[in-house]
Structure formats: C-alpha cells, structure tokens
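[1] Fold the following for me, if possible:
(2 chains)
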Amino acid sequence: MPEARLFLERRSYRRRRMMDAVRMLPLVCTLLWLVVPTMWPNGLQDDTQTALSSALWYLFMIWILAIAATFALWRRIRRYEGTGEAAVDTATQAAEP
Amino acid sequence: MVSLNQLIAVCLIYVAGLFLVAFLAERAALRGRGGWLLRSPLVYTLSLSIYCTAWTFYGAVGYAARSGLEYVTIYLGPSLVMIGWWWVLRRLVRIGRAQRVTSVADLISARFGKSNLLAVMITIMAVVGVTPYIALQLQSVTLSVSIFATPETGSGTAPQISDNAAFWVAAGLAVFTVLFGTRNLNANERHHGIVIAVAVEAVVKLLALMAVGAFVVWGISGGVSETVARIDASPIGTWQTSASRWTALIVVSAAAFVCLPRMFQVMVVENDDERHLQIASWAFPLYLLAISLFVVPIAVVGLELMPAGANPDLFVLTVPLSQGQSGLAMLAFLGGFSSATSMVIVATLALSTMMSNHIVMPLWLKLNPPAAQQSGDVRDVVIRARRLSILLIITLGYFYYRASGGSGALAAIGLISFGGVAQFLPALLGGIFWRGATRMGAVAGLSVGFVIWMYTMLLPSFGPGAALSAAVFEEGLFGWGMLRPQALFGITGLDPTVHAIWWSLSINAILFFVVSIFSFPTPLERLQGAQFVNVFDHSSGPARGWIASEGGAEDLMIMSQRILGAEEAQAFFNAQAAQQGRRNAPPVPTPEFVQALERELAASVGAATANAMIGQIIGGQAISVEDLMAVADESAQILEYSSRLEAKSRELTETAQELGFANEKLMQLSFQKDDFLSQISHELRTPMTSIRSFSEILRDIDVLSTAEKTRYATIIHSETIRLTRLLDDLLDLSVLENGQVSLNARQVQLHDVIERAVTTAQASSAHVLDIRRDLRTEDVMLITDADRLAQVFINLVTNAIKYCDADTPRLDIAVRREDSEVIIAFTDNGSGIPAEAQNLVFEKFARLNAAQGSGAGLGLAICREIVARLGGDIRYLSEGRGGRFEVRLSFTSSREENQRLLPV
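    Next up, the predicted model:
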C-alpha cells in the first residue's frame, strides 16, 4: 500500500471518504432499483396493485437523485485532483490465490 | 403528408450532412486540430449513446405498450454500470489504454495469454449475437419507411417496399461504414469521423424523441397531470412486471452494456482520457433518463389513439402522423433512422475489426508463412478484410431479418442479442479481477454458455418448426424432457427470457470458475493476468516477452512498414533508436523495444496477431527467462525471504549458543574465583587462628614457664612461616599465571639441577626417602632457568617424601631422551593417586588428603605453570603400582630456547 500512515490529514481523509461514497453509490442504487421494485405487488398474487404512475415516479426520482449524487461527487473529486490522484488509483489489489 | 420520395430525399440530405461532419472531423483530426471537440467529454458521452438504438427509439415505446414499465430495465442496467464506473469501467478503460486493446475479443484473448482460440470464439459469438440486433435496426427502418409508404393502414405491412427498403438501407449503411470505418488503420483504432457522426446522431435522436414526447404530453394530453391520469387509466396502468423478469433484465442489460462490441469500441477503445469516464458517469445516465422519460406517455397515448391492430413499435411515428404533424413525424423518422444507422455503423466497425484481427489476419499469416521477407503492404490485406467483414455482417443481419420475417417485437429481438453478448461477462470480469482465471476456464464457460443461449434463446426465436422442430419444443432434444429449450432440467413455468438468461449465465459462470480452479495457466497467461488485475499497481511494469537477436531489427522494420505504413514505421523506429541513444542506426531489438513494437502493431491488428507476427520474425520463445522468473517471482520471493529468515535464525541460534558457552565459562570462572577465595580464606584462617590464640595466651597469662613461652612462640613463628610460604606461593602463582614472570635462561647441567633439588628436599624433611638415580643419563645440557626448574623438582621430591605411603619409600628419578625432548620421570613406590583425583592434582588447592599434609595445595599448580613457561609439560601417569610424574622439556638450539623462554 502506498501510504503506511494510519491516520491522514483532513484533506486526504475527506478525499478518501468521497471515494468511499463513489464506491457505495452503485450498491445503494442497485438496492433501490433492483430489489425494491421486486417487492411491489404486481397484480398476480392479490388485488392490491401499484399504479404505474407511482412506480414511474419512484424509479425516475431515484434516477435523478443518483445522477445528482454522481454529479456532486464528480465535482468534489475533481477539486481534489490537483493534490494527486492517489485516491482514485488505490485500487483494491486482487492477489493470485 | 410526406411522400416516399420526399422522405428519401430528406434521408439522403441527412446522410450527406453526416458524411460532411464525419469528413471534416477526420480531416481536422489528421491535421491535429479540433482536439477540444473531438476529445471532449461531451462527445465521449454522446458517443456512448450508441447504446440507444432503434430498439430504444421505436422499440421502447412498443415495449412499454406491451409490458408497461419493464422497458426501463434496459436503461437502469447501463445507468448502474455508469454510476458504478469506479468498479468495472475505470479498470476496463485503464487496461484498454495500457494494453492498447482493439476490441472486447482482443481484451479477453490478451488477458488469457494472447490466445487466438478465445479471440476467434468471441468474434464468432459476437457476430452471431449481434446479427439479430442489426436485423432489428433494418427492421425498424423498413417498418418506418413502410408507414410513410402506406399511411392508411398504419400497421406497416407492405412487403415489396419493406424488402426493397431493407436492402437499400443495408447497402447504404455498408457503404457509409466502409468509407469512414476503414479509411485508416491508425493507432488504437480511433475513428474520429465516426465518433463525431455518432455524437451528432445522438443529439438528433434525443431531440426527436423528446419532441414527440413533448408533443404527446403537452400537445395531445394537455399537461403533466393529465398525462399521469391517462397513464393510470390505460391498460398498462398498473405495475405488472414479475420480479424475475425485472431482475434478469436489469442484469442482462448491464452485462450487455459492458460486453457489446460496439459499446466496448466507444467506451474503451475510443476513450481519450480517463477523466471523461467520470463525467460520463453522471452525464450518460442523464441522457438515458431523458431518452426514456417520454416513453410511457407516448405508449399510453398511442394505445389510446391508434387502432387495435396498430404496431406499437411505431407509435413514435404514427401518433404524430395521426395528428397531422408531418414535420414532427419527419423528425421522428430521422431520429429513428439516426439511431439505427449509428448502431449499425459502429457495431459493424467493431465486429469487422475483430474479424480481421482475429480471424483473417491469423489465417493470412498462416497461409503466407515467411511473411516478413515479402514486400508489399499488409495494411491492404487488413483493410480489405475489414471491408469484407462489414459487408458480411450487414448481409448476415439482412438475412436474419428476412428469415425472422420482420414481424417480431423489436425489444424481444434485442434481448436475444443481449443474452448472447452477456455470455462474455464472466470471462471479462473474471479476467480483470481474478488472477486465478484461466484460458481453459474461459473457453469452457464461454462455449457452454453460448451453446445454452443458442439453444434456449436464439433458435427458438425463429419459432417452432423453423430452426428447432415443434417436437423439440414439446419433448426436448432427443426426446429428453430435461432438455426442452424453454424448460431445462424439467423446470417449467419460467419466463423464456429469464430461463435462458439465468441458465446460460449461471452455468457459464460456474464452469468458468470450476475449470479455472482446476486448470493451470501458462506462464504468459499468468503474466498477462497479473498485468490486468494489477493494472493500477504502478510498480508492475509491462510484461517483457521477447528475446531478440541483433539480426532481427531489419526484418522487424520491413514488417512494421507493411502494417504501420512506411512513414509511421520509420518514425517509430527513429524514436525508439533515439530513446536508446543511437543516431543514424536502427534500434537494438531489446526486449523493451520489441515489446513497444508489439503494442504498436497490436493497435492495428490486435494483440494475438501482433504477437504471432513478431513471433514469426524473432522466432524466439515468447517467454523469456526473466518472464518465467517474474512468474516465479512470488514463490521466489517467498523462498528467498524464508531462506533469509532461516539464515538469520541459524545465526541467532549460533549466537545464542556462543552466548550460552560464554555464560557458562563466566559462571565457571565465577565459581572458580569463589572457590579460590574461600580456599584462600580457609588457608589463611587456620594459621591465623593459632597465631591469635597463642599470642593471646602469651599476652593474658602471666604465669607461664619459659618453656611454655618458647613453645608457644615457636608455634606462632612456624605458623607465620607457613603463612608467608602460602602468600609467597600465591604471589608466585599469580605472577606465573599472569605471564609476568621473567625467566633467567642459561645453559645448565640437568644433573646439577636434580642434585640441588634432591639435596634441598631431603634437607628440609625429617622423613627418609631412598632416592635412586642413574647419573649417566643425567648428563644433559639444557638452556633453561635452573632455579625455576629446581623449584619444580624440589616440589616433586618433597611430595614423594611427604605422601609416599610405602613401608620403605623409594623414588626413582630417570632421565631419558625422546626426539628433541628430555623426559625426567619421578616414580615412587607408593599407592599413587586415586584415579578420580588424577585430573585434579594440578589444580589450585587440590589436596588429596587435607588432614595429612601441611601444604596449601598450590605446589603442583605452580609446577605446571613453571613448566609451561619453560616450554615443557608436566603430567601424572599411573603405571601399575606407584605414582609417576613426568616432566618433559625440549632441548633445542640455544637461540630457539632463548626465544621460547622470553616472557610470554
């Protein structure tokens, strides 16, 4: 690992947390998009039904929020880029088994 | 109403405009201008919209009209991939740039040891998988043309026009692609003209669809809230999507987004800057959101307005037409045309690159073995191969369209393609994340997954009785119920799409994994695997693969000229030579140089072909010793480390042992010192006690006779003498032991020394000892310290006098010579020294019987020290009855003796 220090200064710390957010965001979106709609009643099991418009609102709102979040993260990360791209580059290194 | 001729004219003008844009972009790129636009993140993002084809433009509305919100899965999947750019795409783009990858087949083949087998497999699979997709585009364009040709039916069924239109559209697309896709063979396969044209088309299709959507929402429905009310009132007004389809379609669309050859082309191969990917991570989902925003309103309004039999895939066109909006319909048509053409162009381009690099070139190389020495330009072969491939792919698409009858729902056809290319996903992801993935695993997973896809998805798409007989559908292959194409393993009731995707992808992934863990990769595979997986690890340099001989440079030059072109090859070689510090001379074919050349060639013909071509010329093994070392590096490092550890621990053990010994010695010395001190105190104490008590008597008792006084004084006197002697001895010993004694060496008669010693010893003792000597043998001249030697002899004779326990004590003093030594033996007839005490007699304070003698036990210790100083040796020998001491002295030339006797 490039940095052996245990604790970071505030700026690097912030940058790393932003990268954590970048990594987490797709997982959150997967949960909201892939998992949540599968729990909606789809008219096959019982009488309760989800109106298409509300489903539409839900999906598109998540979409807009996800885009906004990605945009905001991009802005934040771009600001840090001058200080070095180490945060972007510290990939999780897979090791040969 | 727009006539067919008008339509064709508009189309031609539009295409001509695209030509112009592409041409200008190409020229600007050649002149090195316009980089701000050509290499801008905007163009990159727009070129990604190649994902949205006629399927999106027409098919999404039809999909929504048939299945409600299910259509949105096709856009959620790619959005997820883009939002999660950090996980997969960032890695892919970096690998693509680092390895100069030309296609998805190239990437996978390069990862698995530049395997041409894999490249060929993936190329064929991609061609087969994408063919329905191209047919879909042709179908959508012909359908849309037929709408204008027979507007009154509204269902698009005019066979004559359709066939003609399909043919002409196919031919036109082929020409455009050939013209712009195969103009140059430059580095990294970047096609600026095409990319710009695609970007323009992306804008056109987005605007067209949004215009139709805006017209539907605000023009027909009368606002957002009214539209929402209409949506909920429509036949698709409730959530009807099954969970399995929802999940499977998001997964397969995400997979296809990464694996589709054309997406790979625009996303990885044409990528100029990794930062563009970050921008696209929000910009492209935004594009997808915008393009799918109005799909449901258009579908709902179309269902409401259009007659029951109308094809919902064409609502985008027929809804404006039915409202008399010819202009809008025209725009919509152009949008659909744009999305279809751009997809076909980029897809065929990507596929043709794969075909020429992975199928045609290897074959050509095989058929022309000593290729390097021939003159002529290989680039012609490559370009011709690409053009033929383009024609072949479009022809295949055309035939698929004809075979499938052009009647299927667009989305259903598209999903078949997605299922096919998604089969690359396990090998792709496994290749870039897992170093344990092997070529065998990739081949097994891909081939089985592909076969299952063919059997469960592609072939059934032609309908029962066409590719697969109705009997197979009903009873399974060979009559095995387990093998029914839509109910594998006898599990019925699954949605056919979900069924096919689930079984093909899961069996593919499992086989890939299982075969990988049970097979062993070749060294090249392991090298490439490390490079791919550790692409962000800056320390891992490029794999070095060649051992070139000096003579190879010329051949390499000839070959490079034929692939890169004379000028570019010259420039490359000159740059490399300059880097090596050589002027006006060809570069030395070092492994680094050959590696760079291979990458340069790979950009034109693909990794596997470039590898093969260089292999032909250099002929050396592609794996050098260093590479093998690198492969073995990890184990070697571990071995080295452990051997170092072993050495260290050995050293430590040795040091510990030495320390242990040293400690033991110190302990012994300490004990000896303690012993010595207690002995000394004991020896001093005994005479001191008697001196004190007798002196007290003399002082305190007044009435003492003279005789008594004399007796006590005598005792005190003798005790002080004893004390003095003891102290003398101690001093003597200490001096001797410290080597501070100075010896007075001179020539002496041994006889005189013995005589003196015997006389002295007998004089100081009351006991009588019969001493026997052989005077003749005693006539030996020695250079030694007579006084010290006499001291030794006196001690020995005195000991014999004191301790010999025979009735008539006798001492034999015998002198004999051995080589350069004189041995003086003192043998008495007593009982000798007990065996267990023999090795102690020369130690300090060693007394056999403390009660018997009066000595301090230092005599023999002093003797030993003196004899050692004199350059000799004293030892005790027990021969049968009697004790025997032998003193060995060397008698050599005076000079040597002098030296030997110098203070040590």
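[2] Distance across stretch B:36-55, terminal residue to terminal residue?
    In stretch B:36-55, first residue to last residue: 32 Å (C-alpha to C-alpha, to the nearest Å).
[3] tell me which residues in that stretch are buried?
    For stretch B:36-55, the neighbour count (16 or more other C-beta atoms under 10 Å in any protein chain shown) marks B:38-41, B:43-55 as buried. Every C-beta, even on glycine, is put in place using the N, C-alpha and C of the backbone.
[4] Average pLDDT for it, rounded please.
    Model confidence over stretch B:36-55, given as mean pLDDT, is 83.
[5] hmm, it touching chain A?
    No - figure legend: stretch B:36-55 not in contact with chain A (C-beta under 8 Å from any C-beta of the partner chain); closest approach 10.4 Å.
[6] Who are the packing partners of the host helix or strand of B:Leu645?
    Applying DSSP states H and E as the criterion places B:Leu645 in helix B:633-700. Helix B:633-700 sits against helix B:706-737, with contacts defined as 3 or more C-beta pairs under 8 Å, 6 or more residues apart in numbering or on different chains; DSSP states H and E.
[7] Could you verify that B:Arg817 is part of a helix?
    No - counting by DSSP: H, G, I helix; E, B strand; the rest coil, B:Arg817 falls outside a helix, being strand.
[8] Within the helices and strands, which one has whichever residue of chain A sits closest to chain B?
    Closest residue of chain A to chain B, C-beta to the nearest C-beta: A:Pro26 (2.9 Å). Assigning secondary structure by DSSP H and E places A:Pro26 in helix A:10-30.
[9] mean confidence score for that helix?
    86.
[10] quick one: is the next helix or strand after it near chain B?
    Using DSSP H and E, the next helix or strand after helix A:10-30 towards the C-terminus is helix A:52-80. Yes - using C-beta under 8 Å from any C-beta, helix A:52-80 reaches chain B at A:52-53, A:55-56, A:59-60, A:63-64, A:66-68, A:70-71, A:74, A:77-78.
[11] Show me the strands in chain B, by range?
    Ranges of strands within chain B are B:483-484, B:487-488, B:746-749, B:770-773, B:781-784, B:810-818, B:821-828, B:873-878, B:883-890, based on DSSP state E.
[12] between those strands, which gets nearest to B:Ala208?
    Evaluated over the strands of chain B, closeness to B:Ala208 peaks at strand B:487-488, with 41.6 Å, by C-beta to C-beta.
[13] is it true that B:Ala166 touches B:Tyr401?
    Yes - using C-beta atoms under 8 Å, B:Ala166 is in contact with B:Tyr401, at 5.9 Å.
[14] what touches both of those two?
    Listed as contacting both B:Ala166 and B:Tyr401 by C-beta atoms under 8 Å, 6 or more residues apart in numbering or on different chains are B:Leu138, B:Gln139, B:Thr142.
[15] so how many other residues sit close to the last one?
    Residues within reach of B:Thr142, counting by other C-beta atoms under 10 Å in any protein chain shown, total 26.
[16] just the first one next, same as before
    Neighbourhood size, B:Leu138 [other C-beta under 10 Å]: 26.
[17] measure it to B:Gln6 for me?
    The gap separating B:Leu138 from B:Gln6 is 22 Å, by C-beta to C-beta, to the nearest Å.
[18] Then the last one?
    For B:Thr142, the distance to B:Gln6 (C-beta to C-beta) stands at 18 Å.
[19] before we move on, what about the second one?
    For B:Gln139, the distance to B:Gln6 (C-beta to C-beta) stands at 23 Å.
[20] Which residue of the two possesses the greater neighbour count?
    The neighbour comparison of B:Gln139 against B:Gln6 (other C-beta under 10 Å) goes to B:Gln139, with 30 against 13.
[21] just checking, that one touches B:Ala403?
    No - the criterion here is C-beta under 8 Å, and B:Gln139 misses it with B:Ala403 at 11.6 Å.
[22] before we move on, the earlier item: just the angle for the helix holding A:Pro26 relative to helix A:52-80, thanks.
    Interaxial angle, helix A:10-30 versus helix A:52-80 (axes from the mean of the first three to the mean of the last three C-alpha atoms, to 10 degrees): 160 degrees.
[23] Near chain A, which residues of the stretch 351-500 of chain B? Just list them.
    Contacts of the stretch 351-500 of chain B with chain A, taken as C-beta under 8 Å from any C-beta, map to B:Phe433, B:Trp434, B:Arg435, B:Gly436.
[24] Of those - the most surrounded one?
    B:Arg435 (22 neighbours).
[25] B:Ile452 against B:Ser506, yeah?
    No - with contact defined as C-beta under 8 Å, B:Ile452 does not reach B:Ser506; the gap is 9.6 Å.
[26] what about the two, which has more around it?
    Set B:Ile452 next to B:Ser506 and count neighbours by other C-beta under 10 Å: B:Ile452 wins out with 23 against 13.
[27] Mind pulling the model confidence for that one?
    We note a pLDDT of 90 for B:Ile452 in this prediction.
[28] got it, and B:Pro426?
    At B:Pro426 the predicted local confidence, pLDDT, stands at 92.
[29] Please report how far it lies from B:Tyr75.
    23 Å.
[30] Quick check: closest non-adjacent residue to A:Arg78.
    B:Gln278 (7.6 Å; C-beta to C-beta, 6 or more residues apart in numbering or on different chains).
[31] Was I right to think that neighbour contacts A:Arg76?
    No - shown here, B:Gln278 and A:Arg76 do not form a contact pair, counting by C-beta under 8 Å, at 11.1 Å.
[32] Neighbour count: the two, which is higher?
    Applying other C-beta under 10 Å to B:Gln278 and A:Arg76 shows that B:Gln278 carries more neighbours, namely 23 against 16.
[33] contacting residues for that one?
    A:Trp74, A:Ile77, A:Arg78, B:Trp85.
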